[in-house]
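Engineer: Using only what follows, build the 3D model:
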Amino acid sequence: MIQLRPYQERLLDGARQAFRERKRAVLLQLPTGGGKTVSGSQMIGGSSRRGLVCWWLCHRRELIAQTSKTFASMGILHGIVAGGRSSDPQKLVQIGSIQTVARRLDILTPPDLIIFDECHHLGASQWQAIFDAFPEAKIVGLTATPWRLDGKGLGQWFQAMVEGPTVAELIAEGSLSAYRLFAPSQIDTSAIKIQAGDFKKDDLASIMDKPSITGDAVQHYNKLCRGKRAVAFAVNVEHSQHIAAQFNANGIPAEHVDGSMDIAVRDGAIQRFIAGETLILSNCELFGEGFDVPAIEAVILLRPTKSLSLHLQQVGRALRPAPGKAEALILDHAGNSLIHGLPDDEREWSLDDREKRRGSDKSEVAVKSCPECFHVFRPAPICPSCGHRIVAAVREIEQRDGDLAEVDVAQIRAQQKQEVARARDRSDLEKIALERGYKPGWVDAIIRARQGYSQARRYA
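Structural biologist: This is a model prediction of the structure:
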């Protein structure tokens, strides 16, 4: 029997309270690697023991397989509703593929409880069809990132959200791995067109599928994490194939996988990676969600994205702790950390629509890489690590190989505190809170700490 961690128990207690308050749909937010599947499984097990029909719905084969494995370890008898899979329709618990369940709504036993895994995809037609088909069923949504790229909030579907601990808190207690982050000293995506809120793939591929832009991924792998298992994230299938070929050409066993491959071939590649026979597993849009292998020690980001959810999902692949794993390594050749910040930054999650920031290009986290020591710091005329004077210059990124520099997390945290200290009034503080995605109440808390409660009222 799996024993839930205290924060997982608190998460489920929050869901039960919301249902007692007659909320129909509740969203549970927990960072990647925090144990959403185990937490939701506990709810499924308890509900099915009371005779309720329970559905757990996923949108990827890998998620279905991993959920089935978790259910089996917890003694939860279940069937599977998915294309090409045999099932037992008499079981109270069914793990279903979104695509297959949406086609069989009229023949399946109506559920009393539906858990949508990776529920930030709600709004897509098949997800919506299932959500609308059973208005009497209780709904639980699970996600690490309740954040849609279009800015629309998930409050259209959920009446309450229960937040779990932050990434920083999970790292501090050992539930997630500590990390070291390396980022390119420069990346230029200004020429890439935007499509559906993210970089247009064709344009992105034409730029990123070049060693001069991404840096030498093989070189940096050998330099920073030689011999470790790493998952690489590519722009498209061809790009991913090129990444795997580059590693293989340098004597590092690598394979490419994507969703269009034969299932047996893809599963074989994944099993060889898990066994350590393959060190690099390069993929295109396959492992951003639902690929939970704690032994992954590194991620290689080669696909720039404007999606915070996608970035955090990809980074989270390496944050699961494992025996003998001292830390996770993040090799960010794509520059996503310069846009979205550090993995353990405090972020504000809300069911409301997200306010669009003015000038989206200005939302990048202001950090620079010293050309001498590669230390990363917030903009300053002198590198705080080696004293090198930074000379402003326009550099053509195509003319040189990229290099990765480690992000000094402690330095960034110190500079963030200095920026807050320099804020003169509420307007300055609110600007900082918006740029960093801080939670409501942060500005008031800072003002109270500075002035005391009586003086804080003057800011209102």
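Engineer: got any ranges where the stretch 301-450 of the chain has weak pLDDT?
Structural biologist: Low-confidence segments of the stretch 301-450 of the chain (pLDDT under 70): 356-380, 383-386, 391-405, 435-437, 439-440.
Engineer: can you give me the strands for it?
Structural biologist: 328-332, 368-369, 376-377, 404-407 (DSSP state E, counting those that start in this stretch).
Engineer: Pull the longest one out as PDB, backbone CA atoms only.
Structural biologist: Going back to what we said before, that points to strand 328-332. Output of strand 328-332 as PDB, limited to C-alpha atoms (Å, rounded to 0.1, in the frame of the first residue of the first chain):
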ATOM      1  CA  ALA A 328      19.300  17.400 -12.100                       C
ATOM      2  CA  LEU A 329      21.000  19.100 -15.000                       C
ATOM      3  CA  ILE A 330      19.200  21.500 -17.300                       C
ATOM      4  CA  LEU A 331      21.000  22.300 -20.500                       C
ATOM      5  CA  ASP A 332      18.900  25.100 -22.000                       C
END
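Engineer: buried set for that strand?
Structural biologist: 328-332 (16 or more other C-beta atoms under 10 Å). In short, each C-beta sits where N, CA and C put it, glycine included.
Engineer: likewise stretch 265-273?
Structural biologist: 266, 269-270, 273.
Engineer: Phi first, then psi, for residue 42.
Structural biologist: The phi/psi pair for residue 42 (degrees, to the nearest 10) reads phi -60, psi -40.
Engineer: and if you look at residue 281?
Structural biologist: phi -120, psi 110.
Engineer: Could you report the neighbour count for it?
Structural biologist: 27 (other C-beta atoms under 10 Å).
Engineer: who's in contact with the closest residue in space to it that isn't next to it in sequence?
Structural biologist: Excluding the flanking residues, the one nearest residue 281 by C-beta to C-beta, 6 or more residues apart in numbering is residue 273, at 4.5 Å. Each residue near residue 273 by C-beta atoms under 8 Å, 6 or more residues apart in numbering is listed here: 229, 255, 279, 281, 293.
Engineer: if you set the cut-off to 10 Å instead, what comes out?
Structural biologist: Taking C-beta atoms under 10 Å, 6 or more residues apart in numbering, we find residue 273 in contact with 229-231, 253-255, 257, 279-281, 291, 293, 295-296.
Engineer: what about it, which SS state?
Structural biologist: helix (DSSP: H, G, I helix; E, B strand; the rest coil).
Engineer: Could I get the pLDDT score of it?
Structural biologist: The model reports residue 273 with a pLDDT of 93.
Engineer: next one: residue 2
Structural biologist: For residue 2, the predicted pLDDT is 75.
Engineer: please begin residue numbering at 49 from this point
Structural biologist: Renumbered: residue one is now 49, and that last one reads residue 50.
Engineer: Quick one: mean pLDDT over stretch 278-289.
Structural biologist: 94.
Engineer: how far out from the middle of the chain is it?
Structural biologist: 17 Å (C-alpha atoms, centre = their mean, to the nearest Å).
Engineer: hmm, back to that, between which two of the contacts of residue 321 is the distance greatest?
Structural biologist: 301 and 339 (18.3 Å; C-beta to C-beta).
Engineer: more crowded one of those two?
Structural biologist: residue 339 (22 against 15).
Engineer: Might you report the residue contacts of the closest residue to residue 391 other than its chain neighbours?
Structural biologist: Among residues not flanking residue 391 along the chain, residue 363 sits closest, at 5.0 Å (C-beta to C-beta, 6+ apart). By C-beta under 10 Å, 6+ apart, the contact set of residue 363 is 80, 215, 227, 229, 281, 347, 349, 376, 378, 380, 384-385, 388, 390-392.
Engineer: Just the ones of those in helices?
Structural biologist: Among the contacts of residue 363, the members found in helices (DSSP state H) are 215, 384-385, 388.
Engineer: I'd say residue 239 and residue 256 touch.
Structural biologist: No: under the criterion of C-beta atoms under 10 Å, residue 239 is not in contact with residue 256, lying 11.9 Å apart.
Engineer: Tell me which of the two has more neighbours.
Structural biologist: Using other C-beta under 10 Å, the more surrounded residue of residue 239 and residue 256 is residue 256, with 23 against 8.
Engineer: mind listing what that one touches?
Structural biologist: Taking C-beta under 10 Å, 6+ apart as the test, what residue 256 contacts is 235, 237, 240, 247, 249, 262, 282-284, 287, 350-352, 381-382.
Engineer: cool, and residue 140?
Structural biologist: With C-beta under 10 Å, 6+ apart, residue 140 has these contacts: 92, 95-103, 124-127, 157, 159-161.
Engineer: Is residue 187 bridged to anything, and to what?
Structural biologist: residue 73, residue 162 (DSSP bridges).
Engineer: Against residue 489, how distant is it?
Structural biologist: Distance of residue 187 to residue 489, given as C-beta to C-beta, to the nearest Å: 28 Å.
Engineer: Ok, residue 332 next?
Structural biologist: 40 Å.
Engineer: which one of these two has more residues nearby?
Structural biologist: residue 332 (24 against 11).
Engineer: Okay, and the beta partners of the more buried one?
Structural biologist: Here residue 332, judged by DSSP bridges, has bridge partners residue 306.
Engineer: what residues are up against it?
Structural biologist: 249, 280-289, 291, 304-308, 351.
Engineer: are any of those buried, and which?
Structural biologist: Counted by 16+ other C-beta under 10 Å, these give 249, 280-285, 287-289, 291, 304-306, 351 as buried.
Engineer: From residue 390, how far out is residue 457?
Structural biologist: With C-beta to C-beta as the criterion, residue 457 and residue 390 are 6 Å apart.
Engineer: any common contacting residues for those two?
Structural biologist: Joint contacts of residue 457 and residue 390 (C-beta under 10 Å, 6+ apart) are 227, 229.
Engineer: export stretch 100-112 as CSV, just CAs?
Structural biologist: Extracted in CSV, the C-alpha atoms of stretch 100-112 (Å, rounded to 0.1, in the frame of the first residue of the first chain):
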residue,chain,number,x,y,z
LEU,A,100,-18.9,4.5,-7.5
VAL,A,101,-18.1,4.3,-11.2
CYS,A,102,-14.8,6.2,-11.7
TRP,A,103,-13.0,7.2,-14.8
TRP,A,104,-9.4,8.3,-15.1
LEU,A,105,-8.9,10.0,-18.5
CYS,A,106,-5.5,10.6,-20.3
HIS,A,107,-4.5,11.8,-23.7
ARG,A,108,-1.3,9.8,-24.3
ARG,A,109,-0.6,6.0,-24.3
GLU,A,110,2.4,6.6,-22.0
LEU,A,111,0.1,8.2,-19.4
ILE,A,112,-2.4,5.3,-19.6
